[in-house]
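> Model the structure of this input:
(4 chains)
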2 protein chains.
Amino acid sequence: MADSDTRDRILDAAQDLVQRVGANAMSYQHLSDAVGIRKASIHHHFPGKSDLLVALITRYRHDFLRLVDQIADRPNLSGAAKLARYVRLFEATLQENACEKACPCGMLGAEVATLEPRAAAKLKEFYDDNRKRLAEILEAGRADRSLRFAGAAEVMAWTAFAFLEGAMLVARVDGGAKRFRESADAFVQMLEA
Amino acid sequence: MADSDTRDRILDAAQDLVQRVGANAMSYQHLSDAVGIRKASIHHHFPGKSDLLVALITRYRHDFLRLVDQIADRPNLSGAAKLARYVRLFEATLQENACEKACPCGMLGAEVATLEPRAAAKLKEFYDDNRKRLAEILEAGRADRSLRFAGAAEVMAWTAFAFLEGAMLVARVDGGAKRFRESADAFVQMLEA
DNA sequence: GTCTATATAGAGATAGAC
DNA sequence: GTCTATCTCTATATAGAC
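Okay, the predicted model is just below:
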C-alpha cells in the first residue's frame, strides 16, 4: 500500500494548492516540493494534470458527501439543525490550517472554462449532489416546520449552495472567517420558521 | 487619443479573458491575438501583468459603481425595486455575448492569493464599495417598508454580495443564466416585506 | 516506484530599430 | 507606438537507467 499512500500525499498537496491558489497556479514542481519526490514521479501516478484534477474532485466529492450524509440521515435532527450543520462544514474548511482555504470545487468552478471535459463533468457531479442533499434537508425542514421558505426546495438549494461557495471566496478578499460566520448565520436565520 | 483607444482595447480584451478563464489563464500572447498588436506593444501600455490587472479593476470598479449609483440615487424608487435592479446588473453581465461571463472581480477574488498587493487592494475596494452601496439600498428598503430582514444591513449586504458573486460562478458549471435568474429572484423574495 | 536528463512549448519581460 | 528579435524562467510531459 506504499503506492496508494504516495498517491494520497500527492492528492493532499494538490488539494491544498487548489484551495489556496487554484488549479491554474498549481504546477507539478510545486507538488514535487510539497511531497518531496520528483516531478517525474508525480507524472507516474498522474500522467497528466487532468488525471490529477479528476482524481482530486472524485476523492473530495466522496469524502465531503460522506460528511453530508452523516448529517442528512440523522433522524432525530430537525431540518434547521441539519442546515446549520451543513453550513458548518463549509465554515470548517475555510478555517483549516489557520490560513483561509476555499472549497476546492468552488475554486475549480471559477476555472471551469480551462478544465478538460472529464474534470468539468466530475465538478458538475459535486454541485449536483450537494444541491440534491440540500434540497432534501430543506424539504425535511419545511415538513417538520423548523424551516419556512417560498417556492421549490430545489431553487432554494441552488441559492444556498451558491451563497456558501461565493461566501468562501469573498471571505478571503474581505472579512475572513468571522464575516463568513455571521453572514452564514444571517442566511440560515432567513430560512428559519 | 489613439493611445488611449489602444489602451482601452487591451483592457477590453483582458476583461473578456478574465471573465471567461481568469487572470492566471490569460497571457500577453492571448491579448496580442485578440487586439491584433504584438506582445511588446502590450508591454508598452502595461509593463507588467499587475499593472494591467490594477488598471482593469480600477476601470471596472468605476464603470460598475456608476451604474449602481444611477440605481441607488433614484429618489422615487423603493428599496426593493433598487435591490431588484442591482441584481439585474449581475444578471446582465452573466448573459453578455451569449457566453456565460462571470464578474471579473469575482474571478479575481478566487485568484486573490496569486495577485500582487496592489491588485488585491484594488479588488478589496470593489468589494467594499459594493457592500456599502448594498447596505444603503437595504436600509432604504427597510425604512420605506418594501424590505424586511433581521440584523444589521451591513451583514445582509455582505450576504447578498457573496450570493451574487457565488451564483455567477456556480451558474457557469451548473444551470446557467436561467438558474441564476430564478435563484436571484428567490433571494430577493426572501427580503421582500 | 523513483530517479536523472531532456524535450517542447509557453510564460513574462526587455533592447533597440523604425 | 509598434515592430522584430531575443532572453530567461517555468510549465507539462517523456525516455530510459536504477
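> Quickly check: stretch A:4-19 near DNA strand D or not.
No - Stretch A:4-19 lies out of reach of DNA strand D by C-beta under 7 Å from any atom of the strand, never closer than 10.3 Å. For the C-beta atoms, the positions are set from N, CA and C on the backbone; glycine is no exception.
> Indicate whether that stretch makes contact with DNA strand C.
Yes - applying C-beta under 7 Å from any atom of the strand, one finds stretch A:4-19 in contact with DNA strand C at A:Thr6.
> And stretch A:54-70, by the same measure?
No - legend: contact between stretch A:54-70 and DNA strand C by C-beta under 7 Å from any atom of the strand is lacking; minimum distance shown is 13.7 Å.
> Just give me how far that stretch sits from the chain centre.
8 Å (C-alpha atoms, centre = their mean, to the nearest Å).
> Quick one: neighbours of A:Leu56, just the number.
24 (other C-beta atoms under 10 Å in any protein chain shown).
> Test my guess that it contacts A:Leu17.
No - with contacts counted by C-beta atoms under 8 Å, A:Leu56 stays clear of A:Leu17, the gap being 9.9 Å.
> Around DNA strand D, which positions in chain A sit nearby?
Neighbours of DNA strand D within chain A, by C-beta under 7 Å from any atom of the strand: A:26-30, A:39-40, A:43, A:47-50.
> Now those residues in TSV, please, with extra columns for neighbour count and secondary structure.
TSV is the format used below for the residues of chain A next to DNA strand D (neighbours: other C-beta atoms under 10 Å in any protein chain shown; DSSP: H, G, I helix; E, B strand; the rest coil):
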residue	neighbour count	secondary structure
A:Met26	24	coil
A:Ser27	13	coil
A:Tyr28	18	helix
A:Gln29	11	helix
A:His30	17	helix
A:Lys39	14	helix
A:Ala40	9	helix
A:His43	14	helix
A:Pro47	10	coil
A:Gly48	10	coil
A:Lys49	20	helix
A:Ser50	16	helix
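> Keep only these that also lie close to DNA strand C.
Among the residues of chain A next to DNA strand D, DNA strand C is touched by A:39-40 when using C-beta under 7 Å from any atom of the strand.
> Filter the residues of chain A next to DNA strand D to keep only those in contact with chain B.
Among the residues of chain A next to DNA strand D, no residue lies close to chain B (C-beta under 8 Å from any C-beta of the partner chain).
> now the residues of chain A next to DNA strand D as CSV including pLDDT?
Listed next are the residues of chain A next to DNA strand D as CSV, based on pLDDT from 0 to 100:
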residue, pLDDT
A:Met26, 98
A:Ser27, 98
A:Tyr28, 98
A:Gln29, 98
A:His30, 98
A:Lys39, 98
A:Ala40, 98
A:His43, 98
A:Pro47, 98
A:Gly48, 98
A:Lys49, 98
A:Ser50, 98
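> How about stretch A:87-94, which residues are buried there?
A:87, A:90-91, A:93-94 (16 or more other C-beta atoms under 10 Å in any protein chain shown).
> Run through the residues that contact the residue nearest to A:Arg59 when sequence neighbours are not counted.
Distances taken as C-beta to C-beta, 6 or more residues apart in numbering or on different chains put A:Leu11 closest to A:Arg59, at 5.9 Å, once the chain neighbours are dropped. By C-beta atoms under 8 Å, 6 or more residues apart in numbering or on different chains, A:Leu11 lies in contact with A:52, A:55-56, A:59.
> To which secondary structure element is A:Leu11 assigned?
helix A:2-21 (DSSP states H and E).
> so for that helix, what's the average pLDDT?
Confidence over helix A:2-21 (mean pLDDT, whole number) is 94.
> A:Thr6: neighbouring residues, count only.
So A:Thr6, with other C-beta under 10 Å, has 17 neighbours.
> Surely it and A:Phe46 touch.
No - taking C-beta under 8 Å as the definition, A:Thr6 is not a contact partner of A:Phe46, at 10.9 Å.
> Could I get the contacting residues of A:Ala72?
A:82, A:86, A:133, A:136-137.
> please redo it, this time with the cut-off set to 6 Å
Listed by C-beta atoms under 6 Å, 6 or more residues apart in numbering or on different chains, the contact set of A:Ala72 reads A:133, A:137.
> Contacts only, for the most centrally placed residue in chain A.
For chain A, the residue nearest the mean C-alpha position is A:Cys103 (4.1 Å; C-alpha atoms, centre = their mean). When contacts are counted by C-beta under 6 Å, 6+ apart, A:Cys103 touches A:93, A:168.
> how far away is it from chain B?
Distance of A:Cys103 to chain B, given as C-beta to the nearest C-beta, to the nearest Å: 10 Å.
> With A:Arg74 instead?
In terms of C-beta to the nearest C-beta, A:Arg74 sits 26 Å off from chain B.
> gap between that residue and A:Val68?
11 Å (C-beta to C-beta, to the nearest Å).
> can you check A:Leu134 too?
The gap separating A:Leu134 from A:Val68 is 9 Å, by C-beta to C-beta.
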